[in-house]
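A.B. asks: I need the structure of the sequence given here:
(one chain, ligands or ions: 1)
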Amino acid sequence: MYLHTSLKTGGPADLYAIPEDAEDLLYLLKELGERGIPWLTIGRGYNLLVRDKGIRGAVVSLERFNSISAISGSLIKAEAGVENLSVVRFAQKYGLGGIGFISGIPGTIGGAIKMNAGAYGEGILERTDHLTLLRSGNISDFRMDELDYGYRHLRLEDGDIVLSATFRLNERDASLTEEEIRKDLELRRLKHNVGFPSAGSFFKNPAGCAAWRLIDAAGMRGARIGGAQVSEVHSNFLVNTGSATTDDFLALSTKVINAVLSTSGVTLEEEVRIVGEI
Ligand SMILES: Cc1cc2nc3c(=O)[nH]c(=O)nc-3n(C[C@H](O)[C@H](O)[C@H](O)COP(=O)(O)OP(=O)(O)OC[C@H]3O[C@@H](n4cnc5c(N)ncnc54)[C@H](O)[C@@H]3O)c2cc1C
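C.D. replies: This is a model prediction of the structure:
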């Protein structure tokens, strides 16, 4: 899986499937279900830490689910495989906005929805009108008030697949959106350019404080285990300096969590999703 994750670690999956469309996906899941094979849906792997033994079962990529459409008025629907910036650009063409904060978040709509990805205090699910999920072989729409979500999480049932998200946007001048996109990309170029593969913020920000401050206070900036290192540039980014294994990242993560707990009394929680065989 190191080819499919931004951290560039992790063993192989038993099967990697790229269904063509919903019909193909339904057929795949039926076949997997009949054989008792579990599956994990992934986007572009920007928030995934896959264990070194890899993934027992199938990994399903929705990269071919990549259409965007204007529904009516202020509603825009994007399939799970669409990249975040493409949604912002599409909305811009229709004079709509309010979702510019996802412009520079790497990955797909499926991953962003599952993670409730966000920036500047906003999360994508706050702009979402409803989701279309594949659950237990059925395709259904769910309004956001029917779902449980919060900071960087959306609770789904095991095996649920996000097929698409419909966003409710505001009228917005295209030039304002352009400015928003430009500023976000520039800020990220300055702050997130850590020089090595990463998954962005490794830990969630605990309520009321920034994880990087706690990590700095614990003296962990630059700490290293094997090829995994707490970035010297941004201490909530754990980076692969070239030869890291997932075990290196897991050991470094535990070291950081323990150091922060003993200096600040706060227990950090990983934002990256840790998956695969233990
Ligand atoms: C440099 C950098 C900067 C970043 N900045 C930010 C930031 O500002 N804000 C932020 O929130 N994140 C940030 N991230 C993290 C990452 O970009 C987001 O979490 C992103 O939403 C992950 O998208 P993805 O498509 O790569 O999902 P993946 O990493 O592939 O998957 C993430 C999770 O979603 C699940 N998933 C993916 N698709 C589906 C689907 N269709 N149905 C059901 N489950 C699915 C996966 O199983 C996994 O649990 C950053 C990462 C990097 C590398």
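A.B. asks: show me where the stretch 101-250 of the chain has its strands.
C.D. replies: In order along the chain, the stretch 101-250 of the chain carries the following strands (DSSP state E, counting those that start in this stretch): 118-119, 122-123, 128-135, 138-143, 148-150, 153-155, 161-168, 170-171, 224-225, 228-230, 238-240.
A.B. asks: what residues sit buried inside the fourth one?
C.D. replies: Within strand 138-143, the residues that qualify as buried by neighbour count (16 or more other C-beta atoms under 10 Å) are Phe142. The way it works is simple: take the backbone N, C-alpha and C, and place the C-beta from them, glycine included.
A.B. asks: and it with strand 128-135, angle?
C.D. replies: Using axes from the mean of the first three to the mean of the last three C-alpha atoms, to 10 degrees, the inter-axis angle of strand 138-143 relative to strand 128-135 is 160 degrees.
A.B. asks: right, is strand 138-143 up against the ligand?
C.D. replies: No - against the ligand, strand 138-143 shows no contacts by C-beta under 6 Å from any ligand atom, the least distance being 12.6 Å.
A.B. asks: after the helix or strand of the chain with the lowest mean pLDDT, which helix or strand is next?
C.D. replies: Within the chain, no helix or strand scores below strand 68-72, which has a mean of 92 by mean pLDDT, DSSP states H and E. Heading C-terminal from strand 68-72, the first helix or strand you meet, by DSSP states H and E, is strand 75-79.
A.B. asks: who does that following strand touch, helix- and strand-wise?
C.D. replies: Applying 3 or more C-beta pairs under 8 Å, 6 or more residues apart in numbering; DSSP states H and E, one finds that strand 75-79 contacts strand 68-72, helix 84-93, strand 161-168.
A.B. asks: please redo it, this time with the cut-off set to 6 Å
C.D. replies: Contact here means 3 or more C-beta pairs under 6 Å, 6 or more residues apart in numbering; DSSP states H and E; on that basis strand 75-79 packs against strand 68-72, strand 161-168.
A.B. asks: among those, which comes closest to the ligand?
C.D. replies: Evaluated over the helices and strands packed on strand 75-79, closeness to the ligand peaks at strand 161-168, with 3.6 Å, by C-beta to the nearest ligand atom.
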